[in-house]
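Enquirer: attaching a predicted model along with its sequence, questions to come.
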Amino acid sequence: MTSLPPLVEPAESLSKAEVERYSRHLIIPDVGMIGQKRLKNAKVLVVGAGGLGSPALLYLAAAGVGTLGILDFDTVDESNLQRQVIHGQSDVGKSKAQSAAESIAEINPYVQVNLHTERLDSGNALEIFEPYDLILDGTDNFATRYLVNDACVLLGKPYVWGSIFRFEGQASVFWAQPLGEGREGVQYRDLYPEPPPPGMVPSCAEGGVLGVLCASIGSIMVTEAIKLITGIGETLLGRLMVYDALEMTYRTVKIRKDPQGEPITGLIDYEAFCGTVSDEGIAAAAGHTISALELKQKIDRHDSFLLVDVREQNEYEIVSIPGSVLIPKGDILSGEALSELPQDKQLVLHCKSGARSAEALAVLHKAGFSDAVHVGGGVLAWVKQVDPSLPSY
């Protein structure tokens, strides 16, 4: 296949300082002066200055992309520093967007940085995206991914997508419009027509991620962005690249346009579309949720109950609530653990933040444990409200 046409017109010129800075690009025939001028004229928005956004922003800046937008409403937390290399120890508590902008200024003072510190939603996505040539999506939840996709489809913009979990990463390029020469555009909904059931796919916060995996996938995303901007090479449009760090393998899977796909006519409520907890979990938690402080009171009163931690063994080893018994959510959902549970005591479930325990609670209610409750906010709430000496994660 031939390359796509360049996404961006070249800037008029490069200064002497810019020529010297980008000389290793300029001597690559495929990039050269005209390719570097296209990079200088490019406007790229990076959604999320976290695990994938960190290496992406660093390398986009170093490559000479003239305008970088950083969209992130979050602040830097110490747990981010294991993989979010654009931030440092002194940035803890600072706006991620601001911290990233300061790092970019150190790397390349010729880059204009636009900060977007508001939360992305259906009301502002089109306005934020509109001035940019290209979107890089480094977010870690399905609701935002579908929102980014639909906004890009409506605006006719290409975007580069990446995803990471534990030791595996994925990357692709999506652009919904027809691209000539018989090439059909594809979008994220062609790969994932429907979001997974709530609680089925753990987030990085629940399942973890090897820090350096972010660099592997983030650098691939920047490579794709450079190819789109300059019109060189064959992009991942229409292909999903899957990287397994443990096996050290890369493989690509073809993505075809979904013939059943509905046209996108506007933006929707993506939190409701994806959900974080199933309807059953929400119903089970209603009227059957206690706070971490209420759990502490039950312990202090020596109430008769069994405290069940539904997380995984490795999480239990990081931090646990004293007196809790580990029974992973999967064992409850499969029914395997139900025979182990006492019938003569109230069951109190907890997980990391409350979502997994709500799903397990729904199963217990159906199995006849009608007085079972769960702890809203999970072990994180316990650490914050009851025992701050314990580690958070």
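Expert: The structure has been received and is ready for your questions. Treat the numbers as computed from the prediction; the structure is a model and nothing was measured. Numbers count the residues shown, from 1 in each chain.

Enquirer: for whichever helix in the chain runs longest, C-alpha coordinates in PDB please.
Expert: Ranked by residue count and defined by DSSP state H, the top helix of the chain is helix 213-230. Written as PDB, here are the backbone C-alpha positions of helix 213-230 (Å, rounded to 0.1, in the frame of the first residue of the first chain):
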ATOM      1  CA  LEU A 213       5.400  -0.800  28.700                       C
ATOM      2  CA  CYS A 214       4.200   2.800  28.500                       C
ATOM      3  CA  ALA A 215       7.400   3.800  26.700                       C
ATOM      4  CA  SER A 216       7.100   0.900  24.200                       C
ATOM      5  CA  ILE A 217       3.500   1.800  23.200                       C
ATOM      6  CA  GLY A 218       3.900   5.500  23.600                       C
ATOM      7  CA  SER A 219       6.800   5.600  21.200                       C
ATOM      8  CA  ILE A 220       4.900   3.600  18.700                       C
ATOM      9  CA  MET A 221       2.000   6.100  19.000                       C
ATOM     10  CA  VAL A 222       4.500   9.000  18.300                       C
ATOM     11  CA  THR A 223       5.900   7.100  15.300                       C
ATOM     12  CA  GLU A 224       2.400   6.800  13.800                       C
ATOM     13  CA  ALA A 225       1.800  10.500  14.500                       C
ATOM     14  CA  ILE A 226       5.000  11.500  12.700                       C
ATOM     15  CA  LYS A 227       4.100   9.300   9.700                       C
ATOM     16  CA  LEU A 228       0.600  10.800   9.500                       C
ATOM     17  CA  ILE A 229       1.900  14.400   9.700                       C
ATOM     18  CA  THR A 230       4.600  14.000   7.200                       C
END
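
Enquirer: what about that helix, average pLDDT?
Expert: The pLDDT scores in helix 213-230 average 98.

Enquirer: packing partners of it?
Expert: The contact analysis (3 or more Cβ pairs under 8 Å, 6 or more residues apart in numbering; DSSP states H and E) places helix 213-230 against helix 32-41, helix 53-63, strand 134-137, strand 159-165, strand 168-174, strand 239-244. In this view, the C-beta of every residue, glycine as well, is placed from N, C-alpha and C.

Enquirer: from the contact counts, what lies against the longest one?
Expert: When contacts are defined as 3+ Cβ pairs under 8 Å, 6+ apart, helix 53-63 sits against strand 43-47, strand 67-71, helix 96-107, strand 134-137, helix 213-230.

Enquirer: export those as a markdown table, with columns for distance to residue 158 and mean neighbour count.
Expert: As requested, the helices and strands packed on helix 53-63 are exported to a markdown table (distance: least, Cβ to Cβ, whole Å; neighbours: other Cβ atoms under 10 Å):
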| stretch | distance to residue 158 | mean neighbour count |
| --- | --- | --- |
| strand 43-47 | 11 | 26 |
| strand 67-71 | 15 | 24 |
| helix 96-107 | 22 | 20 |
| strand 134-137 | 6 | 26 |
| helix 213-230 | 6 | 24 |
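
Enquirer: no further questions, thank you.
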